[in-house]
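Enquirer: What would the 3D arrangement of this be:
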Amino acid sequence: MICETTIPWAGVGVLLPSRLALGRLRLRLCSLCALAMLWPLFVMAQVPPVKVGDSLVQPAVPPFEIRLNAPESVRQVLQKHLELERFRALPDLTGSELSRLIQEAPKNIKELVATLGYFSPVIQVDILPASDPLARPTVKLEVDPGEPTRVALLEIVMTQGSDTSVKSEMRRKEIEDQWSLVEGAQFTQTDWTEAKDKALRQLVSHRFPAGRIASSEVDIDTERHTAHLKLSLETGAIYRYGALVIAGTSRYSKELVTNLAQLPTGSEYDQSALVQAQQRLLDSGYFDSAQVTLDLKGNPQEAPIRIHVVEAPLQKMVLGIGASTDSGARLSATHSYHQLPGIRWRAVSKLSIDRDIQSIGSEFTSQPDTDHWQWAGSAQFQTQRVGSFDVASQRLRSGRAQTGVVSDQNYYLQYDRARAATSDLLQSDVAESLSFNYAYTLRHFDSVPFPSSGWGLGLEVGGGSTFGASQDPYGRVMARAQAYVPYGVARAGRLALRAQMGAVLAAQDAGIPSTQLFVTGGDTSVRGFGRGEIGLDLPGTLVTAGRYLAVGSAEWQRPWVDKGVVTEWESAVFVDAGAVANTPHELQPRFGLGAGVRWKSPVGPLQIDLAYGAPRGHLHLHMNLGFTF
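Expert: Predicted coordinates for the structure are as follows:
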């Protein structure tokens with residue numbers, strides 16, 4: 001019970017509570033005050049904290065909302081770069097600062113959409129008041145970008161100094177032909193910058209390493225919505241290779257570095273040649289690292305090439321573990337001795353074990369001479385799955401090999417001993433042969449190991465004789481080709497074509513070692529089949545090697561594009577075909593159809609495919625890493 005007394009005060013009735021009532025009132029007021037003080041903390045507790053470093057920071061509540069109505073083509077850019085978006089999170093944003101941002105918003109939007117090629121936008125900015133005191137006001141932005149500006153004229157000028165050769169004009173024409181922002185394309189600042197950067201990279205990649213962009217202009221016609229582009233390139237001097245300046249050698253000779261680099265004095269500068277020289281030094285195994293650069297400070301006609309290497313240890317043991325869908329898990333051990341005492345040859349011995357192949361062997365190679373030729377000899381003992389049979393084989397080889405920038409060649413004498421391929425299941429004769437062989441490879445890809453255009457050709461021819469129970473002459477030939485045909489710009493995709501043909505010509509009853517004959521199927525031939533599943537069919541489901549081979553493949557590869565940027569991933573659909581027989585007219589193709597993905601990994605291209613093999617009707621998962629031709 002509360003006792004109250006009414007006392008008039010300035011015409012307003014005021015209730016004065018008793019002492020007990022006043023105490024209760026004081027308690028209630030304190031509770032309300034405490035609740036009012038704790039309420040913001042309660043509200044902030046509902047918002048998840050953001051971790052910055054080792055501390056938790058409560059995110060600020062934006063003082064106003066933004067409602068943006070714009071086409072998707074410009075929405076993402078505005079949401080990312082609009083000043084209203086960047087400043088709305090400031091907790092202490094004043095009313096005057098907000099007014100300034102709203103006044104500047106049309107100009108800010110106009111500048112942003114101009115980078116996308118829209119130069120006549122219609123912009124409306126409204127402020128929607130809050131519906132209640134606790135709500136935040138809303139800034140409403142209506143953006144109609146208008147008609148996009150398109151490229152109407154392109155002019156590329158090369159300032160060549162005293163050089164007016166046909167090569168320079170060809171280079172200008174090449175840059176113009178590969179210009180990405182073509183006439184009719186929508187103009188954007190990003191595409192303009194990328195096109196200029198690409199043109200400069202093309203200019204300095206060959207002959208003109210000191211080239212630069214002298215000037216660039218964009219003339220916008222806002223009435224016709226067209227853009228006239230003009231790019232002026234200054235070539236600078238033509239550079240030619242001078243002497244090699246080699247550093248870092250102690251165990252291996254500078255002559256070895258020179259022969260591996262293959263950069264002849266007097267040749268015109270080519271950036272890809274320097275990259276290939278550096279890669280050859282690394283691939284040789286003699287060096288752990290290599291850096292090849294052109295010194296631009298010297299005489300352009302005799303520009304020094306600086307090569308710095310870090311030598312590999314004299315001996316090295318490498319243990320490996322891997323797996324493939326063709327042969328399952330794989331273990332390997334490789335020992336390298338880079339400079340045998342006295343002769344300076346390198347010896348590489350390798351033991352490899354997987355589900356289908358177990359091998360041990362050694363290869364001995366001399367250091368390359370000035371013409372890049374090397375002597376080589378090897379011995380290999382192997383047990384492998386050839387079709388449906390396990391075949392133990394031995395191979396000895398001796399010859400010379402030359403590795404070049406765009407071509408390789410090799411000639412060698414080879415001895416083979418293995419089980420003879422036969423259609424008679426009861427016969428298991430061991431066959432031996434001695435043959436002389438020549439192999440030639442020609443490559444013309446735009447980039448390795450990630451080619452997007454270009455082609456490669458390979459040819460192997462050989463002849464010899466079997467010996468043992470009978471001596472029968474035979475000839476062997478195998479040809480292969482691979483090509484990448486781009487469609488339009490790089491992001492549009494490309495067609496990858498592959499073909500392989502082989503034949504062994506001999507008497508019908510000649511005992512040819514099965515390792516000299518053909519089977520196919522697997523990750524790199526006919527997908528949808530396991531390795532060696534396609535061969536000469538025997539009674540039941542058995543398969544053995546045959547004398548004729550035909551393989552073909554067509555694959556469509558398309559890059560994945562995320563928000564206008566080409567990623568390192570690609571999709572692929574393909575059809576493969578392959579056949580093996582003892583006579584050409586008996587070739588009956590098996591087909592593999594499927595799809596997969598490609599990834600440009602740091603260690604090379606990774607392909608993952610799922611393929612259906614017809615007519616047997618099996619699904620196979622295939623994985624392969626790397627590119628070789």
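
Enquirer: List the contacts of Leu116.
Expert: Ser73, Val74, Val77, Pro145, Pro148, Thr188, Gln189 (CB atoms under 8 Å, 6 or more residues apart in numbering). Where you see a C-beta, it was placed from the backbone N, CA and C, and this is true even at glycine.

Enquirer: in which helix or strand would I find the second one?
Expert: I take that to be Val74. Taking DSSP states H and E as the criterion, Val74 maps to helix 72-81.

Enquirer: for Asn259, same thing?
Expert: Going by DSSP H and E, Asn259 is in helix 254-261.

Enquirer: now for the helix or strand that comes right after that helix, which elements pack on it?
Expert: With elements assigned by DSSP H and E, the helix or strand that comes after helix 254-261 is helix 271-283. In terms of contacts (3 or more CB pairs under 8 Å, 6 or more residues apart in numbering; DSSP states H and E), helix 271-283 is packed against helix 254-261, strand 287-294, strand 303-311.

Enquirer: JSON lines please, covering those and showing mean neighbour count and mean pLDDT.
Expert: JSON lines is the format used below for the helices and strands packed on helix 271-283 (neighbours: other CB atoms under 10 Å; pLDDT from 0 to 100):
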{"stretch": "helix 254-261", "mean neighbour count": "19", "mean pLDDT": "93"}
{"stretch": "strand 287-294", "mean neighbour count": "17", "mean pLDDT": "95"}
{"stretch": "strand 303-311", "mean neighbour count": "18", "mean pLDDT": "96"}
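
Enquirer: Using CSV, lay out these together with distance to Gln516.
Expert: Listed next are these as CSV, based on distance: least, CB to CB, whole Å:
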stretch, distance to Gln516
helix 254-261, 33
strand 287-294, 36
strand 303-311, 40
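
Enquirer: Which members of the contacts of Leu116 are classed as buried?
Expert: Among the contacts of Leu116, the ones that count as buried by 16 or more other CB atoms under 10 Å are Val74, Val77, Pro145, Pro148, Thr188.

Enquirer: and the gap between the first one and Thr188?
Expert: Relative to Thr188, Val74 is positioned 11 Å away (CB to CB, to the nearest Å).

Enquirer: swap in the fourth one?
Expert: Distance of Pro148 to Thr188, given as CB to CB: 9 Å.

Enquirer: what is in contact with those two at once?
Expert: Leu116, Gly117.

Enquirer: For Thr466, which of the helices and strands packed on helix 271-283 is the nearest?
Expert: helix 254-261 (38.8 Å; CB to CB).

Enquirer: Which elements pack onto the closest one?
Expert: strand 241-247, helix 271-283, strand 303-311.

Enquirer: Ok, which of these comes nearest Thr115?
Expert: helix 271-283 (30.9 Å).

Enquirer: burial of the nearest residue to Phe208 once chain neighbours are set aside, as a residue count?
Expert: Counting by CB to CB, 6 or more residues apart in numbering, Thr235 is the residue found nearest to Phe208 once chain neighbours are left out, at 4.4 Å. Around Thr235 there are 21 other residues, counting by other CB atoms under 10 Å.

Enquirer: gap between Thr235 and Leu200?
Expert: 11 Å.

Enquirer: Now do the shared contacts for the two.
Expert: Gly211.

Enquirer: that older thread, of all the helices and strands packed on helix 254-261, which one comes closest to Phe381?
Expert: helix 271-283 (26.1 Å).
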